[in-house]
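J.: Fold the following, please.
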Amino acid sequence: MAHVAGGSSTLDGRVIAIAGAGGSLGPSVVRRLASAGGQLCLSGRDASSLEALAEATPGTIDVDVVDLVDQGAATRWADDLAGRHGRIEALVHLVGGWRGGMPIEETPDEDWDFLHASLIGTLQHVTRAFTLPLLASGRGRFVVVSAGQAQAPTHTNAAYAAAKASAEAWTLALADRFKGSGATANVIVVGSIVTPAMRAESPERDFSRATPAESIADAIAYLLSDAAAPMNGQRLTLRGAA
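T.: Predicted structure coming up:
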């Protein structure tokens with residue numbers, strides 16, 4: 001499936017893979033990167049939500065159903081995109097998931113298993129699959145969305161905080177791999193996220209302490225651009241109002 005948009009911008013023509021595009025952040029990020037001229041390649045588990053997002057978004061968009069918990073599937077996705085487009089210049093990791101709300105002594109192993117698979121496993125799989133294409137591009141970009149819990153964990157979110165901290169550490173190690181290559185890997189740290197859909201559903205709620213999805217999308221667009229070329233191995237914090 002492809003939708004082609006004209007015009008020029010800071011991301012014009014760059015092939016950008018988005019892992020977890022079917023999640024809550026997906027629409028804002030996809031719209032923003034498409035408006036900047038990116039050639040977007042979306043992955044997720046639900047074909048209908050991805051296709052609806054592609055249909056609603058101007059830009060050049062490929063849609064692939066991929067289970068990123070599977071390393072083989074992630075590798076095949078990267079290989080297919082490289083074959084289709086001849087290059088991959090950016091990878092954005094939006095795969096989410098949450099388990100928590102219990103005292104640390106009551107946190108079940110099942111919570112960690114789920115979070116490890118969704119937050120760490122998918123990240124490891126896609127970065128392994130895409131590292132060489134990103135290096136080959138000469139201006140490769142990787143961005144992961146993390147959470148403040150990674151740096152300031154609470155005991156009722158111990159497993160979630162530990163998973164996010166592990167994902168950040170993996171990303172910073174990737175940044176070390178990219179040193180001197182022209183490629184970069186960076187982390188965007190957010191608080192609770194508010195999306196346009198959430199505002200529409202609950203106009204009476206106070207979301208002032210939440211991080212707007214649109215702000216996250218703007219930050220991702222910046223980190224993928226040439227303007228952010230000096231930034232590698234950095235945390236960009238967007239935590240909402242104090």
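J.: what about Glu106, how many neighbours?
T.: 9 (other Cβ atoms under 10 Å). The C-beta positions use only the backbone N, C-alpha and C, and glycine is treated the same way.
J.: ugh, wrong one, Ala200
T.: A count of nearby residues for Ala200, using other Cβ under 10 Å, gives 8.
J.: That one: which element?
T.: Assigned by DSSP states H and E, Ala200 falls within helix 196-201.
J.: how about that helix: buried residues?
T.: Residues of helix 196-201 classed as buried: Met198 (neighbour count, 16 or more other Cβ atoms under 10 Å).
J.: Now do the helices in the protein.
T.: Using DSSP state H, the helices found in the chain span residues 26-35, 47-56, 71-85, 109-115, 122-137, 158-178, 196-201, 213-224.
J.: contacting residues around the helix holding Ala200?
T.: Residues outside helix 196-201 that contact it (Cβ atoms under 8 Å, 6 or more residues apart in numbering): 24, 27-28, 205, 207, 213-214.
J.: Please put the alpha-carbon coordinates of that helix into CSV.
T.: Extracted C-alpha coordinates of helix 196-201, given in CSV (Å, rounded to 0.1, in the frame of the first residue of the first chain):
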residue,chain,number,x,y,z
PRO,A,196,-5.6,14.0,20.6
ALA,A,197,-8.0,11.1,20.9
MET,A,198,-7.8,11.2,24.7
ARG,A,199,-8.5,15.0,24.7
ALA,A,200,-11.5,14.5,22.4
GLU,A,201,-12.9,11.7,24.6
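J.: returning to what we had before: now the contacts of helix 196-201 in TSV, with neighbour count and pLDDT?
T.: Shown next, in TSV, are the contacts of helix 196-201 (neighbours: other Cβ atoms under 10 Å; pLDDT from 0 to 100):
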residue	neighbour count	pLDDT
Ser24	15	91
Pro27	21	94
Ser28	22	96
Arg205	11	88
Phe207	17	84
Ala213	24	92
Glu214	15	95
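J.: Most widely separated two among those?
T.: Using Cβ to Cβ, the contacts of helix 196-201 reach their maximum pairwise distance at Pro27 and Arg205, which is 19.2 Å.
J.: Contacts only, for the residue located most distally from the centre of the chain.
T.: Residue farthest from the centre of the chain, counting by Cα atoms, centre = their mean, is Glu105 at 31.0 Å. Listed by Cβ under 8 Å, 6+ apart, the contact set of Glu105 is empty.
J.: For beta bridges, what are the partners of the closest residue to Ala54 other than its chain neighbours?
T.: In this structure, Ala54 finds its nearest non-sequential neighbour in Ile61, 4.3 Å apart by Cβ to Cβ, 6 or more residues apart in numbering. Beta-bridge partners recorded for Ile61 (DSSP bridges): Leu40.
J.: roughly how far apart are Ile61 and Ala117?
T.: Ile61 is 27 Å from Ala117, where distance means Cβ to Cβ, to the nearest Å.
J.: Now do the buried residues in stretch 33-52.
T.: In stretch 33-52, counting by 16+ other Cβ under 10 Å, buried: 33-44, 49-51.
J.: Now that stretch - C-alpha only, CSV.
T.: What follows is stretch 33-52, C-alpha atoms only, in CSV (Å, rounded to 0.1, in the frame of the first residue of the first chain):
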residue,chain,number,x,y,z
LEU,A,33,6.9,12.5,9.9
ALA,A,34,4.7,12.3,6.8
SER,A,35,4.2,16.1,6.8
ALA,A,36,8.0,16.4,6.9
GLY,A,37,8.3,14.4,3.8
GLY,A,38,9.4,11.1,5.2
GLN,A,39,8.8,7.8,3.3
LEU,A,40,7.3,5.8,6.1
CYS,A,41,7.3,2.1,6.6
LEU,A,42,4.9,1.0,9.4
SER,A,43,4.9,-2.2,11.4
GLY,A,44,2.5,-3.5,14.0
ARG,A,45,0.5,-6.6,14.8
ASP,A,46,-2.9,-5.4,13.6
ALA,A,47,-3.3,-4.9,9.9
SER,A,48,-6.6,-3.0,10.0
SER,A,49,-5.4,-0.3,12.3
LEU,A,50,-2.2,0.2,10.3
GLU,A,51,-4.0,0.3,7.0
ALA,A,52,-6.5,2.8,8.4
